[in-house]
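> can you look at this prediction? I've put the sequence above it.
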Amino acid sequence: MAPADVARYQVSPETGKPLRPRPWWGRARFPRQPLARHLVLALLGAVVLYFVTSALSPYNNVLVGEIALYLIALAGLSLLTGTTGQISLGQGAFMAVGAYTVALLMTHTHMNFVLELLAAIGAAATLGLLVGISATRLKGPYLAGATLLLALALPPIADKWSTTFGGDQGLTTIVPTAPGGINPEEWLAWIELAGALITLVLLANLLTSRFGRSFRAVRDNEVAASLSGVHVARTKVTAFAVSAGCAGLAGAFLGLSTGVVSTGEFPLTLSIELLAAMVLAGAGSLFGMWWGAILLVYVPQWSTSVSGDFGLGAGTSAYLATIIFGVVLIVVMIAAPSGIQGGLRWLWEHVSKQWSISRDERAAPRHATHFPPSAADHQPNLVHDPLNE
Amino acid sequence: MLEVRELSVTYGAVSALRSVSFRAQEGEITAVLGANGAGKTTLLRAISGLAKPKSGSVHFDGRELLGNSVEDIARRGVAHVPEGRGIIEELTVEDNLHVATLWCTPRGRRQAAIEATFELFPRLSGFRHRHASTLSGGERQMLVLGRALITRPRLLLLDEPSLGLAPLVIAQLMTLLVDQTSGSDMTVVLVEQNARSALSVARRAIVLNLGQVVADDLAPTLAVNTELRRHYLGF
């Protein structure tokens, strides 16, 4: 038993009650049911984000909206690569499918906005399903290569049927009119943040369900998973479809954010940057994807600002973001191989453990010597041994 | 009952199994013995679908198993405990058991099934929330055996369960195996290098050599066959 735990369990010899009752914030507990817990967290996040977006300028609200849409794409990629172990370089292509779906529906129909978003998710998820089925036999670099082809193939398809997809000019999108008094940038940021929070809640719930266990089992040991009755191929395809659906929604939001959907918005570098940001943030951690999304949006901003300060040319400025991103990636991978979120978690556990030990050493009275029985006092036998019974 | 007929498996130009035939009865342990490279592991892999046979058939309870996927064979009540303890290291001990119950136990009864497995292996109960990667060799063997037993399998395929374990733990595992098998409708096929230990718990045994069955008889009969012991079993 750790010293901190010993002190925590000390009780008064007279009353038998704990010497240091928990403070009110220590007694507060999140709901134990996963969906309820995730909904409470999302609600708290929504309240914080409401006040943050209300205080920001329209330009910064655009950036917050972009963070939200990259967060959606990264969360899907984290589920696919971090949790299920399938590397995909096609996330940008699935984003393009979502964006073009919304743009085409806005151009040719008068569908409800939410239905348009659902159609974007559905279209990307369907393509993800097809790619996932064909990719079930591929692993590691081979799978990355196959999905890379997808990212390379989609722009020429859009160019080939330029009358439908708008060619280089692309297709325009229209953001739904904001209710009175709200500026359009803030309204779009709220829509994108709502989409991100709903996506995070759904994915977090999925990961705590039977699917989450199956995803992790497949990533870790396919043979053991299949011997346990887990359908490996079906699990991989499900992860691909869910991830592509997330990318579809992110792409739809990117189309709304830029106002135009063209192939130039979805270059190959987008897929690579998403994969790098996902690794940087901490593959497999949904919450950690916030860091990846923030870096994806703010590194280009910072590089533009630095270029301006040092009087660098436009050409250098364009490459500076990639250089900064690469340097950050190298530094984080050396300092925290499990990404920013993994590094922060390690730091928090380390600091809280140290703080807890020093606090309990100060607070523990010398006369308190009664400890409740520990699990170690009743260490069970190695195995059930009928010979000894 | 498990009935394997004329089963042949090749890896490229190498014949791992050549026309292997044998039967394993319900409520009995059938040992598969032989030297390294005899084809014991390949035999189990072919039954559970991990290896694709060239020819032959594997009937279990009157149904053909060959041609089905590994997952579908597992869902028919065939639990394969592979050599090298195929646990899922990234999951906790409890989640390893939970994954195996997903297809065979209704949601409301899963926790009770997990607790029953922990009663069978009390040592694991203290590690239930630990990652399986932190377990020792013996604990891993318990976990993988628990993961197989939690599905209440009709056919249990065990590949070298004693590998790397202390003699005391091997004896306990074998006792547990006998307890679980006798009086049940479970068929057990036990692959072992440790022929003495396997023959002490099995009712029947087959001996493989270079992919072929060279002996198929009751375990006590094989145990007293000095020529067979000297040539193939090494004790």
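Great, that's in hand.
> contact partners for A:Leu74?
By CB atoms under 8 Å, 6 or more residues apart in numbering or on different chains, A:Leu74 lies in contact with A:Leu274, A:Ala277, A:Met278, A:Ala281, A:Met289, A:Gly292, A:Ala293, A:Leu296. All C-beta atoms are positioned from the backbone trio N, CA, C, and that covers glycine.
> closest one of these to A:Gly308?
Set against A:Gly308, the nearest of the contacts of A:Leu74 by CB to CB is A:Leu296 (20.4 Å).
> pretty sure the closest one contacts A:Glu273?
Yes. Between A:Leu296 and A:Glu273 there is a contact under CB atoms under 8 Å: 6.3 Å.
> the two: who's more crowded?
A:Leu296 (26 against 23; other CB atoms under 10 Å in any protein chain shown).
> what residues of the helix or strand that contains A:Gly255 count as buried?
Assessed by DSSP states H and E, A:Gly255 sits inside helix A:232-258. Within helix A:232-258, the residues that count as buried by 16 or more other CB atoms under 10 Å in any protein chain shown are A:232-233, A:235-258.
> and if you look at stretch A:44-59?
Those would be A:Gly45, A:Leu49, A:Thr53, A:Leu56, for stretch A:44-59 by 16+ other CB under 10 Å.
> what about the helices in chain B?
B:40-48, B:70-75, B:93-101, B:110-120, B:122-125, B:137-149, B:167-181, B:195-201, B:219-223, B:226-228 (DSSP state H).
> select, out of those helices, the one closest to A:Ser262.
Across the helices of chain B, closest to A:Ser262 is helix B:70-75 (CB to CB), at 43.6 Å.
> and that closest one, what does it pack against?
Here helix B:70-75 touches helix A:222-227, helix B:40-48, going by 3 or more CB pairs under 8 Å, 6 or more residues apart in numbering or on different chains; DSSP states H and E.
> so how far is that helix from its chain's centroid?
On the basis of CA atoms, centre = their mean, to the nearest Å, helix B:70-75 sits 15 Å off its chain's mean C-alpha point.
> neighbouring contacts of it?
Here helix B:70-75 has contacts from A:223, A:226-232, B:47-50, B:65, B:80, B:103-104, B:151, using CB under 8 Å, 6+ apart.
> with stretch B:1-16 instead?
Residues outside stretch B:1-16 that contact it (CB under 8 Å, 6+ apart) are B:17-26, B:30, B:39, B:42-43, B:46-47, B:51-61, B:155, B:187, B:189, B:211.
> follow-up on the earlier one: which among the contacts of helix B:70-75 count as buried?
Among the contacts of helix B:70-75, the ones that count as buried by 16+ other CB under 10 Å are A:223, A:226-232, B:47-50, B:65, B:80, B:104, B:151.
> what's the closest of those residues to A:Ile87?
A:Val232 (16.4 Å).
> what residues does B:Ser197 make contact with?
B:Ser197 sits next to B:Ser162, B:Ile170, B:Ala171, B:Met174 when contact means CB under 8 Å, 6+ apart.
> same deal with A:Leu203?
Applying CB under 8 Å, 6+ apart to A:Leu203 gives the contacts A:Ala75, A:Gly76, A:Leu79, A:Val242, A:Cys246, A:Leu286.
> the second one and A:Ala241 touch, don't they?
Just to be clear, that refers to A:Gly76. No. Between A:Gly76 and A:Ala241 there is no contact under CB under 8 Å: 10.0 Å.
> and the helix holding A:Gly255, what does it pack against?
helix A:58-77, helix A:91-108, helix A:113-135, helix A:184-208, helix A:210-220, helix A:222-227.
> before we move on, back to that, what's the closest of the contacts of A:Leu203 to chain B?
A:Leu79 (14.7 Å; CB to the nearest CB).
> look at the closest one and report its pLDDT.
Model confidence at A:Leu79, given as pLDDT, is 95.
> what of A:Lys139?
So, for A:Lys139, pLDDT stands at 80.
> and A:Gly229, that one's in a helix?
No. Counting by DSSP: H, G, I helix; E, B strand; the rest coil, A:Gly229 is located in no helix; its state is coil.
> just send the buried residues of stretch A:44-59 back as TSV, with secondary structure, pLDDT and distance to B:Asn96 too.
Formatted as TSV, these follow (DSSP: H, G, I helix; E, B strand; the rest coil; pLDDT from 0 to 100; distance: CB to CB, whole Å):
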residue	secondary structure	pLDDT	distance to B:Asn96
A:Gly45	helix	92	33
A:Leu49	helix	92	38
A:Thr53	helix	89	43
A:Leu56	coil	89	46
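> can I get those residues in TSV with distance to chain B?
What follows is the buried residues of stretch A:44-59, written out as TSV (distance: CB to the nearest CB, whole Å):
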residue	distance to chain B
A:Gly45	27
A:Leu49	32
A:Thr53	37
A:Leu56	40
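> out of these, flag the one nearest to A:Leu129.
Distance to A:Leu129 across these (CB to CB) is lowest for A:Gly45, with 30.1 Å.
> burial of the residue of chain B found nearest chain A, as a residue count?
Residue nearest to chain A within chain B: B:Pro122 (3.4 Å; CB to the nearest CB). When neighbours are counted by other CB under 10 Å, B:Pro122 registers 17.
> on that earlier part again, biggest separation within the contacts of B:Ser197, which pair?
B:Ser162 and B:Ala171 (9.4 Å).
> B:Ile114 reaches B:Arg147, doesn't it?
No. With contact defined as CB under 8 Å, B:Ile114 does not count as touching B:Arg147 (10.3 Å).
> report the contact partners of B:Arg27.
To be clear, residue B:27 is Gly; Arg isn't right here. B:Thr181, B:Ser182, B:Gly183, B:Ser184, B:Asp185, B:Met186, B:Thr187.
> look up how far A:Ser257 lies from it.
Separation of B:Gly27 from A:Ser257 (CB to CB, to the nearest Å) stands at 67 Å.
> B:Thr134 too?
45 Å.
> please apply the same query to B:Ile150.
Taken as CB to CB, the span from B:Ile150 to A:Ser257 is 49 Å.
> also A:Glu192?
Taking CB to CB, one finds A:Glu192 at 7 Å from A:Ser257.
> could I get the helices of chain B as JSON lines with mean pLDDT and distance to B:Val4?
Below are these laid out as JSON lines (pLDDT from 0 to 100; distance: least, CB to CB, whole Å):
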{"stretch": "helix B:40-48", "mean pLDDT": "94", "distance to B:Val4": "7"}
{"stretch": "helix B:70-75", "mean pLDDT": "92", "distance to B:Val4": "14"}
{"stretch": "helix B:93-101", "mean pLDDT": "92", "distance to B:Val4": "25"}
{"stretch": "helix B:110-120", "mean pLDDT": "91", "distance to B:Val4": "29"}
{"stretch": "helix B:122-125", "mean pLDDT": "88", "distance to B:Val4": "33"}
{"stretch": "helix B:137-149", "mean pLDDT": "89", "distance to B:Val4": "20"}
{"stretch": "helix B:167-181", "mean pLDDT": "87", "distance to B:Val4": "19"}
{"stretch": "helix B:195-201", "mean pLDDT": "88", "distance to B:Val4": "18"}
{"stretch": "helix B:219-223", "mean pLDDT": "87", "distance to B:Val4": "18"}
{"stretch": "helix B:226-228", "mean pLDDT": "80", "distance to B:Val4": "21"}
